[in-house]
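Undergrad: sequence and predicted structure below; questions after.
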Amino acid sequence: MAIPAPILERDDVFHTVPPMKMDDAFARVNQLERRDAAALAGLQGDEFELQFYQDDATKMNRYEWGVVREANGINPDCILVSGGPGGVAFGPFLEAGLIPLAHSHPYHTATAASTRAIAGGAVAWNNINGTEPAQNMIERLKIFPSAGDAYFCSQNDLATHRVETPYVVVFNPANIRYIANPDAHPAFAAAPRLTFQINNARALPTAAPHTRIDLTAYAGTVAFWVKHDIDVSGHGGAGIVL
Ligand SMILES: [Zn+2]
């Protein structure tokens, strides 16, 4: 098994020779979030598409990126898929029997000037994860996976799917965990990035789209929070109720 040749020839697909594995693919998505040109090093794919991202570093995290793996194999081959500002079109890959492993949420929206910046630079983790009585729903909507992400996982029977965010996980002097914009402080450039993993997504038997997921949050590769059996209503850009 390998990634089929017609998939490798798509304009939105980037691969390496020999094929990249999961660790490399995830590292490249992380580098794309950091606008690190190493993300594009050695990639095979449409040269005009590659040039588009190389011309202006902000383009690297103005659009969503996906990681797709072959279905078989304990160490499967992976590809990077470039998406638009609102998502990655995983349909053709699912139809080809491939598995979407991850996608990124870009820091920028449509242009370099517009961002999904957290107001004030940072928000306390417990003020978006359902712990504190005062919950900042606007920032949660920017930071957490969307209801559509959960719905996508259940509809496609994805056992696990990662959502890479552009934000960093930091602590204030009182050792309270914050989620911050990567450019909120010079030291934050090296801070671990916030990643979510959606596990065990399953559709609930209701008329309207309704999904239940387990969700884990990571600072870099270190899991620091998990919540099981989160009910998610709707799809699209709707938020998750915690
Ligand atoms: Zn998403």
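TA: Okay, I see it. Numbering: from 1, shown residues only.

Undergrad: how about the strands of the chain, start to end?
TA: 13-14, 65-69, 78-82, 99-104, 122-124, 160-171, 177-180, 193-203, 210-219, 222-233 (DSSP state E).

Undergrad: chain neighbours aside, what residue packs nearest to residue 122?
TA: Nearest non-adjacent residue to residue 122, counting by Cβ to Cβ, 6 or more residues apart in numbering: residue 180, 3.8 Å away. Every residue, glycine included, has its C-beta placed from N, CA and C.

Undergrad: coming back round to it: how about JSON lines for the strands of the chain, with distance to residue 33, mean neighbour count and mean pLDDT added?
TA: Compiled in JSON lines, the strands of the chain are given as follows (distance: least, Cβ to Cβ, whole Å; neighbours: other Cβ atoms under 10 Å; pLDDT from 0 to 100):
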{"stretch": "strand 13-14", "distance to residue 33": "16", "mean neighbour count": "24", "mean pLDDT": "98"}
{"stretch": "strand 65-69", "distance to residue 33": "9", "mean neighbour count": "25", "mean pLDDT": "97"}
{"stretch": "strand 78-82", "distance to residue 33": "13", "mean neighbour count": "25", "mean pLDDT": "97"}
{"stretch": "strand 99-104", "distance to residue 33": "6", "mean neighbour count": "22", "mean pLDDT": "97"}
{"stretch": "strand 122-124", "distance to residue 33": "17", "mean neighbour count": "19", "mean pLDDT": "98"}
{"stretch": "strand 160-171", "distance to residue 33": "5", "mean neighbour count": "22", "mean pLDDT": "97"}
{"stretch": "strand 177-180", "distance to residue 33": "14", "mean neighbour count": "20", "mean pLDDT": "98"}
{"stretch": "strand 193-203", "distance to residue 33": "6", "mean neighbour count": "20", "mean pLDDT": "96"}
{"stretch": "strand 210-219", "distance to residue 33": "13", "mean neighbour count": "21", "mean pLDDT": "96"}
{"stretch": "strand 222-233", "distance to residue 33": "17", "mean neighbour count": "15", "mean pLDDT": "96"}
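
Undergrad: how far off centre is stretch 118-133?
TA: 19 Å (Cα atoms, centre = their mean, to the nearest Å).

Undergrad: what about it, how long is it end to end?
TA: 20 Å (Cα to Cα, to the nearest Å).

Undergrad: before we move on, what about stretch 26-43?
TA: 14 Å.

Undergrad: swap in stretch 182-197?
TA: One end of stretch 182-197 sits 20 Å from the other (Cα to Cα).

Undergrad: stretch 111-124 too?
TA: 27 Å.

Undergrad: so which bits of that stretch are buried?
TA: For stretch 111-124, a neighbour-count test (16 or more other Cβ atoms under 10 Å) marks 115-118, 122-124 as buried.

Undergrad: and stretch 18-37, by the same measure?
TA: 19-20, 22, 25-26, 28-36.

Undergrad: ok, and what's touching stretch 211-220?
TA: By Cβ atoms under 8 Å, 6 or more residues apart in numbering, the list of residues contacting stretch 211-220 from outside reads 129, 145, 147, 150-151, 153-154, 169, 192-204, 223-232, 240.

Undergrad: longest helix in this structure, please.
TA: In the chain, assigned by DSSP state H, the helix with the most residues is helix 22-33.

Undergrad: picking up where we left off before, so the residue nearest to residue 122 sits right up against residue 171, yeah?
TA: No. If you go by Cβ atoms under 8 Å, residue 180 and residue 171 don't touch, sitting 10.1 Å apart.

Undergrad: might you report the residue contacts of the residue of the chain positioned farthest from its centre?
TA: Distance from the C-alpha centroid of the chain, by Cα atoms, centre = their mean, peaks at residue 174 (29.3 Å). Applying Cβ under 8 Å, 6+ apart to residue 174 gives no contacts.

Undergrad: now swap in residue 200 and tell me
TA: 159, 212-214.
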